[in-house]
Every structure is written in C-alpha cells, then in structure tokens.
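**Student:** structure of the sequence below:
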Amino acid sequence: MAISRATRKLLERYDGDPAAVSWRWESTAVDVVLRHGSRSDAEALLPVFLDDPGARGSLVPVFARHGDIGVAERLLDASVEAGRLRDGVPTGVLRAVGYLGYEPAERVLWEHVEGDESRDACLGLLHLSCRGLRSEIAEALELHAGSNWFPEFLPVLASKTGDPSWLGRLVEWGEGGASTDCNGGLILGIAVHGDAGRAAFTRLLWNPHWEAYGGGTGSDYWAYAGARVLGLGMPELYAELVARLDSDTDSDGKRHCVRTFTALLSHWVDRRWTGLRMAPDPDESSDALCALLFEWSSPHEDDSLTGLAGRVLDHDDRLVTRLYHLEATLWNEARHELELRVVASR
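**Tutor:** Predicted coordinates:
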C-alpha cells in the first residue's frame, strides 16, 4: 500500500528544512495520518523518528495505531538501554509498544511505573497480559491505596491483579483521600473493569466530588476515555443529563451536570484518538449528534440541549456559550460529512 499524501508532505518538510516545520502544522498532518493512514505510513516515518526521536515525538501515535510487532520491536530496541529509556526519547514509546501488544516489553514498562514516565508505562501495560506482574502490581497498589498523591495511572492496572475487590477500593480511594488533581487513573481504572464498573463509573460522572469535568487536571479526558471503554453512547449520557436536570437536584448540582456533559461533548466533537484499544472512536455522526442534541421537538419551545441548559443556568453563563460554540462546530462537521458523501458518490 502506498503512503498517504499527508505522510509524503511530512517527509518532504523534514527533509527540506526541519526547523521550519511548525508544531501546529505537524500536529495537523499527524492527525490526518492517524485517522486515514496505514502500516506503510508507519514504516515510512519510523526512520525519521529514530534519526531524531526528541524532535519527532508527535509521530509516536502513528507507530502505535498503524504499526505491528515488528515496529514495536524496532522502537524498543532503539529507545531503551540497560532497561531504561535513552535520554531524549519521548515516553510515548512505552505506551506504543504496549499498545502493539509487544509482550517482551512488559518488564521494561514496569520499571518505569514509578517515574516521570509513569502514565505512558501504565497505559502501555494496560494492553499487555501482565501475568508476571500480578503480585508486584498488587503490592504497589497496596502501598499507595488511599493516598492523596500517587503515580496517577497506577490504578488502571488494578484489573490486572485478578482481584475484583479492587473495583470498590478504587471508588473509595477516589471519594476519600485522592486529590482531584490526581484522579484520572482512578476514573479510567474503574471503567476498565467493564460491566462490573459501569454503575460506579456512571455515578462518578455526575458526582461533584470527582470533578470529572476537570480540563486542567485531565479528568475530563479520562472520563471521556472511560465512557468509550464502556461503550457509553451520547444518547445514553444525554438521557442521564436530562433526567438529572428534571430532578430536584439543587442548582449547583445541575450546573455540575451541565459542566460535565459539556466537557464530554467537547471530546466527542474533537474525536481525538485515545490510544486505548478498548476505547474505540465514537460511532455517532455529527449529523446524528445535531439531531439528538440541538433540534427542537416543536417550533414552540427550545427543548434542545442549549434550551435545557439555559433554563437551569443564566443565558449568559459561559457553559451555555460553550454549548453554542459546540453546536456550530457540529453543524459545520455535519455539512462536511455530507459533502464527503456527495463527492464519494460521483
């Protein structure tokens, strides 16, 4: 299979004047490759990355999404020395080799769980069997359980211990000592318990204590990723929101629910790749989301998402303004989707 046009452009700019490749342009091109690329793109970009990994960290997700075991092996061999990442190598390599299912990387990833590379090491391990690490994971969790500060993504590995009691303990941890600056791993860790964790995950979304809307802390993103892991669709989440806005919850509680839903919807609209095999992209089209959230059921009353939010918040509240922006973005995306279908049918 031939490489994509976006990959060709990346290679041309890297070869021409690498210093002139802006971060914004590079990110846009890489996102296109992520969405529409293939193994050929990963193979073509790997030598460029290995030549200067510190300057080409944005390429790592391409190797995860479109690579294979061979790519994982080459990445690990070139990036690790004496069991540790070489200086200048982006930590995302740890996540990528795990995502690709490269089991020989298990011990290397575990050695990075307590350091600055902890998030990517834990998320990489989430994709591996971890059979040889069960007792060590359990011991590490016991050491940190209930703490205010801890390796944030260590809790995602709780399901690897084989001990189902960790689900309840993660919930207690999040509602007890854990700082909301450090609860993204707890949120995702509850979700990766699957059906057993669904009810607890849904409750935490709407519980102000968890601050699942937190953009600064990243909790909103991991709440979105957790929803994808559990297969929670926007219709289900919207029904939950409507029920809570129609309930006797106080105004602060309702504002929290709108804030959390708005954060989740923002990620639905963005559709950023999660880097988690168990969290597929949303399957709702922009057109379907517009119909679900922003259409009026009659011309006499605005019972859309923005109308509901306006009734429980001030109309000039920044959350209502944010929802109007998301609505405009979705309508533009819906038009683009239709244009693509028309072009493809010619």
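**Student:** and the residue lying closest to residue 141 once chain neighbours are set aside, how far from residue 221?
**Tutor:** Leaving aside its sequence neighbours, residue 141 sits nearest to residue 158 (CB to CB, 6 or more residues apart in numbering; 6.0 Å). C-beta here means a position set from N, CA and C on the backbone, and glycine is covered the same way. Separation of residue 158 from residue 221 (CB to CB, to the nearest Å) stands at 20 Å.
**Student:** so what's the residue count around residue 215?
**Tutor:** Residues within reach of residue 215, counting by other CB atoms under 10 Å, total 11.
**Student:** quick one: the helix or strand containing residue 319 to chain centroid distance?
**Tutor:** For residue 319, the host element (DSSP states H and E) is helix 318-345. Mean-position distance between helix 318-345 and its chain equals 21 Å (CA atoms, centre = their mean, to the nearest Å).
**Student:** that one packs against which elements?
**Tutor:** On a contact count with 3 or more CB pairs under 8 Å, 6 or more residues apart in numbering; DSSP states H and E, helix 318-345 meets helix 251-270, helix 286-293, helix 305-312.
**Student:** can you pull the buried residues of it?
**Tutor:** Buried residues in helix 318-345, counted by 16 or more other CB atoms under 10 Å: 319, 320, 322, 323, 326, 327, 330, 333, 334.
**Student:** so the second one touches residue 308, yeah?
**Tutor:** In other words, residue 320. No. Using CB atoms under 8 Å, residue 320 makes no contact with residue 308, being 10.1 Å away.
**Student:** now the strands for this structure?
**Tutor:** Taking DSSP state E as the criterion, the chain carries its strands at 80-81, 84-85.
**Student:** low-confidence stretches in the stretch 201-346 of the chain?
**Tutor:** The model of the stretch 201-346 of the chain has no residue with pLDDT under 70.
**Student:** look at residue 158 and residue 221 and report which has more neighbours.
**Tutor:** More neighbours surround residue 158 than the other of residue 158 and residue 221, with 26 against 21 (other CB under 10 Å).
**Student:** touching, the more buried one and residue 189? I think so.
**Tutor:** Yes. Using CB under 8 Å, residue 158 makes contact with residue 189 at a distance of 5.3 Å.
**Student:** before we move on, the earlier item: distance of the residue nearest to residue 141 from residue 196?
**Tutor:** From residue 158 over to residue 196 (counting by CB to CB), the distance is 12 Å.
**Student:** cool, residue 290 as well?
**Tutor:** In terms of CB to CB, residue 290 sits 34 Å off from residue 196.
**Student:** who's more crowded, these two?
**Tutor:** Using other CB under 10 Å as the criterion, residue 290 and residue 196 rank with residue 290 on top: 17 against 13.
**Student:** so who does that one touch?
**Tutor:** Listed by CB atoms under 8 Å, 6 or more residues apart in numbering, the contact partners of residue 290 are 327, 330, 331, 334.
**Student:** for residue 193, same thing?
**Tutor:** 158, 159, 164, 167.
**Student:** measure the last one to residue 37 for me?
**Tutor:** Just to be clear, that refers to residue 167. Taken as CB to CB, the span from residue 167 to residue 37 is 36 Å.
**Student:** same deal with residue 239?
**Tutor:** Residue 239 is 36 Å from residue 37, by CB to CB.
**Student:** repeat for residue 204
**Tutor:** 35 Å.
**Student:** tell me how far the residue most central in space within the chain lies from residue 263.
**Tutor:** Residue closest to the mean C-alpha point of the chain, counted by CA atoms, centre = their mean, is residue 274 at 3.6 Å. Using CB to CB, we find residue 274 at a distance of 15 Å from residue 263.
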